[in-house]
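1. The following comprises the amino acid sequence and a computationally predicted model.
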Amino acid sequence: MTMPVPASLGFRMPAEWSPHSRCWMAWPVRAETFPNGLAAARLAYAEVAKAIAQFEPVTMLCPESEVAEVSLSCGKGVEVMPLTLSDSWLRDNGPTFLVNDAGQQAGVHWGFNAWGRNYEDFQPDTEVAARILDRLGLPRFVAPLVMEGGSFHVDGEGTLLTTQECLLNPNRNPGLSKAEIEGHLRDFLGVREILWLERGYEQDETDGHIDEIACFVRPGVVLALTTDDTADPNYPVFRENIERLKASKDAAGRTLEVVTIRTPARKEQSGIRLTLSYINFYLANGGVVMPAFEDPEDVEAFRLFRRLFPDRDVVQVPALDIVRGGGGIHCITQQQPA
């Protein structure tokens, strides 16, 4: 007997600006992920957790042996849950939470293979979604799809945004066609319209996650990354993304309004470009936690966020030590709906 899919039971993924009951995070444990060391990464994660905890409860997953350190580092408002981990990007290996019109919640447990087997000791991370949903006592829908939460973004009204570079990459789901992947996205996230961008950020080790380049900020409005530097390899990619978005219609038939935000100046680590992006932020209840990169663009980005989210407090936190590990603030967080 086949299990019914979430959409057939009325479940859908709500927009990130919908009310949350809490935010889930995972403590950095994998030293080789963070070239500046675990201490710097942990300090950066703790700053993000404390910023979010001003607005909503936070639960930080960590190994049993780290509970005392995490409690001291993160302080009040951050609950600590012991769990075996191999990495700390909860957006990508945690559950995607769903709701229905009756107010019930459930979660999607995606397949996880460490971003196309970027490393091999990822087995503990394949169980994180199940452990969270079991702890919450929520129904768990196991999707026949290797997916990371940072690879898609929804408007909560039936539209999903993603990239072909990531979802159609042969290192994820080589046996599935684009149409089959679209079918699974509709079944498990309750979306109707899927908007495909071609490529993501240059040298993004996640193979083009959408949460580095574009996101919905409210229904019908997308925030997209751009650059004025015509010599930047991202320049033609971002221009094409913006043109595609402007030519797109969402599930409600609206032509999208596209707001652009400039990328900070290029920074490298061991010859690899860092994916510095203001798109990689977290929407909390009544707040926005956004990154700062020690770059002059930080000020203009903060001003733009104040304009985009006039009813929320905007908090900017240092994010370079997170980005050096390969992701950003959105990548290390996962919202649970209210």
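-> Structure received. Computed from a predicted model, the values in this text were never measured in an experiment.
2. Quickly note the distance from Ala301 to Gly325.
-> Per CB to CB, to the nearest Å, Ala301 is found 21 Å from Gly325. C-beta coordinates here come from the backbone N, C-alpha and C atoms, glycine included.
3. scratch that, Arg244 is what I was asking about
-> Per CB to CB, Arg244 is found 29 Å from Gly325.
4. And these two? Which one has more around it.
-> Gly325 (27 against 17; other CB atoms under 10 Å).
5. Next up, the contacts around the more buried one.
-> Counting by CB atoms under 8 Å, 6 or more residues apart in numbering, Gly325 touches Pro28, Thr33, Phe34, Ala41, Ser88.
6. Locate it within the secondary structure: which element?
-> Assigned by DSSP states H and E, Gly325 falls within no helix or strand.
7. Could you list the low-pLDDT ranges of this structure?
-> Residues of the chain meeting the criterion pLDDT under 70: 1-2.
8. Where do the helices of it begin and end?
-> Assigned by DSSP state H, the chain shows helices spanning 38-53, 67-74, 90-93, 114-117, 128-136, 164-167, 178-189, 234-246, 297-308, 320-323.
9. Can you check what angle separates the longest one from helix 67-74?
-> Regarding helix 38-53 and helix 67-74, their directions subtend 60 degrees when assessed with axes from the mean of the first three to the mean of the last three CA atoms, to 10 degrees.
10. Please report phi then psi for Gly271.
-> phi 80, psi 0 (degrees, to the nearest 10).
11. Could you check how many residues crowd around it?
-> 6.
12. Please apply the same query to the one 3 residues further on.
-> Residues contacting Leu274 under the criterion other CB under 10 Å number 20.
13. what sits against it?
-> Leu274 is in contact with Lys267, Glu268, Leu320, Val323, Arg324, counting by CB under 8 Å, 6+ apart.
14. where's the closest residue to Lys76 other than its chain neighbours relative to Glu127, distance?
-> Spatially, and ignoring its direct neighbours in sequence, Lys76 is nearest to Ala53 (7.6 Å; CB to CB, 6 or more residues apart in numbering). Distance, Ala53 to Glu127, by CB to CB: 26 Å.
15. what about these two, which has more around it?
-> Between Ala53 and Glu127, Ala53 has the larger neighbour count (other CB under 10 Å), namely 20 against 16.
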